[in-house]
Structures are given as C-alpha cells and as structure tokens.
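**Q** With the sequence up front, the predicted model follows.
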Amino acid sequence: MLEQTAEWTKKGLEPSRWQPYVEASLDIATITYGHTRLDVQVQITLFTILTIAVDEFEVSDEALDGFTARLLSGAPQPDPLLECLVDNLRRMPDYFPAYASKCI
C-alpha cells in the first residue's frame with residue numbers, strides 16, 4: 001500500500017487530499033473483504049480511499065464532468081486524484097474476474 005501511495009505523490013496527488021480517508025477505507029476493506037486475500041483487501045482499500053476523496057469534493061465539478069468520457073477514450077485526467085483512480089481501476093482484473101472488474 002505504501003508503494004502505491006508513493007506513486008500517487010509522484011503523480012502530484014498531495015497526501016492531504018486522501019489521508020483523511022485511510023481509516024474508513026481500511027475498515028471497509030477489511031470488514032467487507034475479510035474473507036479475501038490480503039492483496040485484494042489492499043486494492044479495495046486504495047480504491048475506497050480514492051472514491052471517498054472524489055465523493056468528498058476533493059475534485060472539481062469540471063474535472064468530474066468529463067471523467068467517464070476520458071476514462072473510456074484513454075485520455076488523461078485533469079486532476080491527479082482522478083488519474084490515480086484510473087490507474088487503480090486498470091489493476092482490478094489482477095484481483096477480480098473479468099466481469100466483476102468491468103462492473104467496478
């Protein structure tokens with residue numbers, strides 16, 4: 001998890017934008033996915049941190065408006081938080097079956 005969050009910092013995502021959501025994300029991942037491997041729980045923790053940050057308005061409305069279109073076209077995201085979320089989503093097939101990954 002520390003390696004991945006270090007990558008977030010390299011991409012320009014300030015820790016102050018995601019650190020407040022670590023505890024809740026760990027709780028969600030370990031309680032909900034406690035029956036899974038540890039690496040899956042880490043992936044879910046990272047995903048949850050990023051999605052809570054988006055939900056808590058850490059990203060501008062303008063950046064969110066075109067998120068899906070940019071995601072589907074492979075265009076870069078204008079905010080490092082969204083860029084980190086896209087990177088996280090791209091790794092879902094490493095942890096979940098194809099259909100589940102696509103749903104996420």
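**A** Happy to help now that I have it. Numbering: from 1, shown residues only.
**Q** Helix or strand for E83, just tell me which one.
**A** According to DSSP states H and E, E83 maps onto helix 80-90.
**Q** right, and the helix or strand after that helix?
**A** Downstream of helix 80-90, the first helix or strand assigned by DSSP H and E is helix 98-103.
**Q** any residues touching that following helix, and which ones?
**A** 92-93, 95 (Cβ atoms under 8 Å, 6 or more residues apart in numbering). Where C-beta positions appear, they are placed from N, C-alpha and C, glycine not excepted.
**Q** Mind giving me the ChimeraX command for buried ones among those?
**A** A single ChimeraX command is used to select the members of the contacts of helix 98-103 judged buried by 16 or more other Cβ atoms under 10 Å:
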select :92,95
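**Q** would CSV of the contacts of helix 98-103 with distance to D39 and pLDDT be doable?
**A** Below are the contacts of helix 98-103 laid out as CSV (distance: Cβ to Cβ, whole Å; pLDDT from 0 to 100):
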residue, distance to D39, pLDDT
M92, 12, 97
P93, 13, 97
Y95, 7, 96
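**Q** now the contacts of helix 98-103 in a markdown table, with distance to G74?
**A** Shown next, in a markdown table, are the contacts of helix 98-103 (distance: Cβ to Cβ, whole Å):
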| residue | distance to G74 |
| --- | --- |
| M92 | 16 |
| P93 | 16 |
| Y95 | 21 |
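**Q** any idea which of the contacts of helix 98-103 is closest to A29?
**A** Lowest distance from A29 to the contacts of helix 98-103 (Cβ to Cβ) belongs to Y95, with 11.5 Å.
**Q** List the residues that contact that closest one.
**A** For Y95, the contacting residues are 39-40, 43, 101, by Cβ under 8 Å, 6+ apart.
**Q** same thing but 6 Å
**A** Y95 is in contact with 40, 43, counting by Cβ atoms under 6 Å, 6 or more residues apart in numbering.
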